[in-house]
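K.L.:
everything below, folded, please.
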Amino acid sequence: MASCCPPAFIERRCGMARLPQGVRKRADGTLEKRFTVDGKRYSIYGVNSKELQQKEKEVRRQIEAGLYTDNRNLTLDKYFEEWLAGKRNGTKGNTLKTYKCHYRKHISPKLGNRKIQKIERREILNLQREISQGLSAGMCNGVLRTLKIILNDAVHDEIIQKSPADGVKALKETEKATETYHRALTEQEQKDFMREMESDYYYEFVALLLCTGMRSGEAAALAWSDIDYKQNVIHVTKTVTFNEDGTATIGSPKSQSGKRDIPLNDTIKRILSSQRKKLGNILPMNDNRVFASVYGDLVHNHAVNRAISGALSRLEAQGRPIEHFTAHALRDTFATRYIEQGGSPQTLKTILGHSSLAMTMDLYSHVLPNTRQQEMDNLKIVL
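P.N.:
Numbering: from 1, shown residues only. Predicted structure coming up:
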């Protein structure tokens, strides 16, 4: 007996999703749509129907305007603009900003005018060699990663059969991140610096970073509703991030582990109380932000680093120089004091918002030798 239910209903009941007309699913899981304009067939690729619709609309617009370029004549610059437009659906603005910076500053001047099907592996190696003359190995590898992502997507879009960047190895990074970027203040440096910062507008901001291990962007995104005096914690759920055009906005942390609760203590409460009084003359009563710049905007990391540099310059003039550092060193200093004073690395991992204990230990293992002797002295084993 024939079913009285329409096919679409049967497909929904059976858990089968019908692909739109002209769309097929490829072996790698992406979708391909073929369509014809004036007797000529075109193909577009995407991860979902919405992306296909956007790409088809753009291709049809370009064809109508006489701007469409087929794969054989497609330059890397032209493909990058199409690729970037597709990435805007679901990619964070700060990541898009990085892609654009890497591409337009380092890749496009060397390869942008090359037809993508003609680019050879030796050209990638030449690019790597040239930019390594003026960039660190880490930055050079970041540029190469961006280029590899673009070319791998060109393979998925069936513009090229194989990426010419395949097999091009990253440069060896001789300096470890812990040695290059992670510096904790000594206790004396910490005391001298914070004493010098007391009169600065950003004192409370800097003090909160030092006492919680929060990242600058997380502190700048804090709202008073995130300060939970009933549960005695700070709810860290947001961070300052950047749009593609470089403007600042409040968004989600990079990972789920970035969302966390940091316990309050009396020192942190005093910092927050002082900050609430200070903001009375800066923000309107209905503004929920904990911190604001002197102009009432979001606090930018460079403004905090400028305040830190000012304090360091004053200390140097007083004959009490401290090696230069940035706001991130306050997070490192918090972690160092935490471990030095017997804190658990597992708990520290949670407070810092690290995704794994290994990450915490890799960054702050340099502190552990300082406490090793004390812990051995306290160890009691009955024989």
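
K.L.:
part of a helix, is K33?
P.N.:
No. Assigned with DSSP: H, G, I helix; E, B strand; the rest coil, K33 falls outside any helix and is strand.

K.L.:
packing partners for the helix or strand containing P109?
P.N.:
P109 is part of helix 108-111 when elements are defined by DSSP states H and E. If contacts are counted by 3 or more CB pairs under 8 Å, 6 or more residues apart in numbering; DSSP states H and E, helix 108-111 sits against helix 76-87, helix 121-131. Where C-beta positions appear, they are placed from N, C-alpha and C, glycine not excepted.

K.L.:
run the angle between the longest helix seen in the chain and helix 121-131 for me.
P.N.:
As assigned by DSSP state H, the longest helix anywhere in the chain is helix 137-156. Computed by axes from the mean of the first three to the mean of the last three CA atoms, to 10 degrees, the angle separating helix 137-156 from helix 121-131 equals 150 degrees.

K.L.:
show the average pLDDT along helix 137-156.
P.N.:
For helix 137-156, the mean per-residue pLDDT is 93.

K.L.:
got the angle for that helix vs helix 76-87?
P.N.:
Orientation of helix 137-156 against helix 76-87 (the same axes, to 10 degrees) gives an angle of 80 degrees.

K.L.:
mind listing what's buried along helix 137-156?
P.N.:
By 16 or more other CB atoms under 10 Å, the buried positions in helix 137-156 come out as 139-144, 146-151, 153-154.

K.L.:
low-confidence stretches in the stretch 101-250 of the chain?
P.N.:
Where the stretch 101-250 of the chain drops to pLDDT under 70, the residues are 174-182.

K.L.:
need the strands for the stretch 151-300 of the chain, in chain order.
P.N.:
Listed in chain order, the strands of the stretch 151-300 of the chain (DSSP state E, counting those that start in this stretch) span 227-228, 233-236, 239-242, 248-251, 260-263.

K.L.:
could I get these as CSV with mean neighbour count and distance to D77?
P.N.:
Below are the strands of the stretch 151-300 of the chain laid out as CSV (neighbours: other CB atoms under 10 Å; distance: least, CB to CB, whole Å):
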stretch, mean neighbour count, distance to D77
strand 227-228, 14, 48
strand 233-236, 19, 41
strand 239-242, 20, 24
strand 248-251, 16, 28
strand 260-263, 17, 42
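
K.L.:
could I get these as CSV with distance to R320?
P.N.:
Converted to CSV, the strands of the stretch 151-300 of the chain look like this (distance: least, CB to CB, whole Å):
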stretch, distance to R320
strand 227-228, 34
strand 233-236, 32
strand 239-242, 32
strand 248-251, 34
strand 260-263, 31
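
K.L.:
can you tell which of the ones you listed is closest to P321?
P.N.:
Nearest of those to P321, taken as CB to CB: strand 239-242 at 31.0 Å.

K.L.:
just how off-centre is the closest one within its chain?
P.N.:
Averaging C-alpha positions (CA atoms, centre = their mean, to the nearest Å) puts strand 239-242 9 Å from its chain's average.

K.L.:
within the sheet, what are the partner strands of that strand, with directions?
P.N.:
Under the criterion DSSP bridges, strand 239-242 sits next to strand 248-251 (antiparallel) in its sheet.

K.L.:
which residue, other than its chain neighbours, is closest to the most centrally placed residue in the chain?
P.N.:
Nearest residue to the geometric centre of the chain (CA atoms, centre = their mean): K254, 5.9 Å. What sits nearest to K254 in space, not counting adjacent residues and going by CB to CB, 6 or more residues apart in numbering, is T239, at 7.9 Å.

K.L.:
what residues are up against that neighbour?
P.N.:
By CB atoms under 8 Å, 6 or more residues apart in numbering, the residues touching T239 are R215, G217, E218, A220, A221, I250, G251, S252, P253, K254, G258.

K.L.:
hmm, try it at 6 Å
P.N.:
Taking CB atoms under 6 Å, 6 or more residues apart in numbering, we find T239 in contact with G217, E218, A221, P253.

K.L.:
hmm, the second one is touching H235, no?
P.N.:
Spelled out, it's E218. No. Between E218 and H235 there is no contact, the gap being 10.8 Å when judged by CB atoms under 6 Å.

K.L.:
can I get stretch 346-365 in PDB? Just the C-alpha atoms.
P.N.:
In PDB, the C-alpha atoms belonging to stretch 346-365 read as follows (Å, rounded to 0.1, in the frame of the first residue of the first chain):
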ATOM      1  CA  GLN A 346      46.000  21.400  39.100                       C
ATOM      2  CA  THR A 347      44.100  24.200  40.800                       C
ATOM      3  CA  LEU A 348      46.400  26.800  39.100                       C
ATOM      4  CA  LYS A 349      45.400  25.300  35.800                       C
ATOM      5  CA  THR A 350      41.800  26.000  36.500                       C
ATOM      6  CA  ILE A 351      42.400  29.500  37.700                       C
ATOM      7  CA  LEU A 352      44.400  30.400  34.700                       C
ATOM      8  CA  GLY A 353      42.000  28.800  32.300                       C
ATOM      9  CA  HIS A 354      44.400  26.400  30.700                       C
ATOM     10  CA  SER A 355      43.000  23.500  28.700                       C
ATOM     11  CA  SER A 356      45.500  21.000  30.100                       C
ATOM     12  CA  LEU A 357      47.800  20.500  33.100                       C
ATOM     13  CA  ALA A 358      50.700  20.000  30.600                       C
ATOM     14  CA  MET A 359      50.300  23.500  29.400                       C
ATOM     15  CA  THR A 360      50.500  24.900  32.900                       C
ATOM     16  CA  MET A 361      53.500  22.800  33.800                       C
ATOM     17  CA  ASP A 362      55.300  23.700  30.500                       C
ATOM     18  CA  LEU A 363      55.000  27.400  31.200                       C
ATOM     19  CA  TYR A 364      55.700  27.500  34.900                       C
ATOM     20  CA  SER A 365      58.000  24.400  35.500                       C
END
